[in-house]
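Q: Model the following, please.
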Amino acid sequence: MNLPPNTKFPALFLLCLILCMFSNCASTKDPIAPDIVPRIKIMDISPLIVQQFQPVVLTLEYEDGDGDLGEENPDTKTLSVKDSRLPEADMYHIPPVSPPDTKVPIKGTFKITVQNVFLLGNGSSEQVHFTLQIKDKAGHLSNSEQSQAITVNR
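A: Below is the predicted model of the structure:
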């Protein structure tokens with residue numbers, strides 16, 4: 001290219017600037033959005049051996065991308081806890097975990113106390129595990145999580 005001597009530097013600078021701009025372009029892909037379907041994990045269950053009619057405490061870890069776990073109304077039950085020996089789950093109220101009308105990712109733990117675990121049969125001991133699932137305000141159901149077995153003695 002035959003440019004006058006005083007225009008070579010600005011043209012070269014402009015060409016380098018354009019090449020740098022294209023080489024440093026950020027990706028146009030959207031960042032990965034947080035998962036709005038809640039996830040749970042049972043962290044602990046205790047005690048592992050109980051006398052019938054004693055409570056059992058489950059520690060549950062939760063995570064939700066839009067933070068809509070829990071309900072203000074105490075009559076609204078959103079946590080199901082199913083005893084492996086029974087056909088239906090018991091339902092529990094979970095209070096709001098994040099401020100109302102916010103959409104923030106949340107993660108934490110809470111404890112659930114299952115009162116009065118009892119023997120169903122005539123034997124002196126039974127094994128039982130619990131399956132938990134939570135529903136958020138939008139109606140999304142979390143994964144089901146099963147606890148380790150506990151022993152209930154007479």
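Q: Now do G121, the pLDDT please.
A: The model reports G121 with a pLDDT of 88.
Q: How about the one 3 residues further on?
A: Each residue has a pLDDT score; the one for S124 is 96.
Q: how about the helices in the protein?
A: 8-23 (DSSP state H).
Q: quick one, strands of it?
A: For the chain, the strands defined by DSSP state E cover 39-46, 49-51, 54-64, 79-83, 90-92, 106-117, 125-128, 130-134, 145-146, 150-153.
Q: Turn those into a markdown table, columns for mean neighbour count.
A: The way it works is simple: take the backbone N, C-alpha and C, and place the C-beta from them, glycine included. Converted to a markdown table, these look like this (neighbours: other Cβ atoms under 10 Å):
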| stretch | mean neighbour count |
| --- | --- |
| strand 39-46 | 15 |
| strand 49-51 | 14 |
| strand 54-64 | 18 |
| strand 79-83 | 19 |
| strand 90-92 | 14 |
| strand 106-117 | 14 |
| strand 125-128 | 15 |
| strand 130-134 | 20 |
| strand 145-146 | 15 |
| strand 150-153 | 17 |
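Q: Kindly reformat those strands as TSV containing distance to E72.
A: Listed next are those as TSV, based on distance: least, Cβ to Cβ, whole Å:
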stretch	distance to E72
strand 39-46	21
strand 49-51	33
strand 54-64	16
strand 79-83	15
strand 90-92	15
strand 106-117	16
strand 125-128	32
strand 130-134	16
strand 145-146	25
strand 150-153	33
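Q: And the ones you listed: which comes nearest P99?
A: Shortest distance between P99 and those, using Cβ to Cβ, is found for strand 106-117: 10.3 Å.
Q: Show residues contacting the closest one.
A: Outside strand 106-117, the residues within contact range by Cβ atoms under 8 Å, 6 or more residues apart in numbering are 43, 50, 52-64, 67, 69, 79, 81, 83, 90, 92, 94, 97-98, 128, 130, 132, 150, 152.
Q: ditto for stretch 34-46
A: Under Cβ under 8 Å, 6+ apart, the answer for stretch 34-46 is 56-66, 68-69, 105, 109, 130, 132-136, 138, 140-143, 145-148, 150.
Q: Any idea what G108 is bridged to?
A: G108 forms beta bridges with Y62, as assigned by DSSP bridges.
Q: Now do the same for it: its pLDDT.
A: 95.
Q: Roughly how far does it sit from E63?
A: Going from G108 to E63 by Cβ to Cβ, to the nearest Å gives 8 Å.
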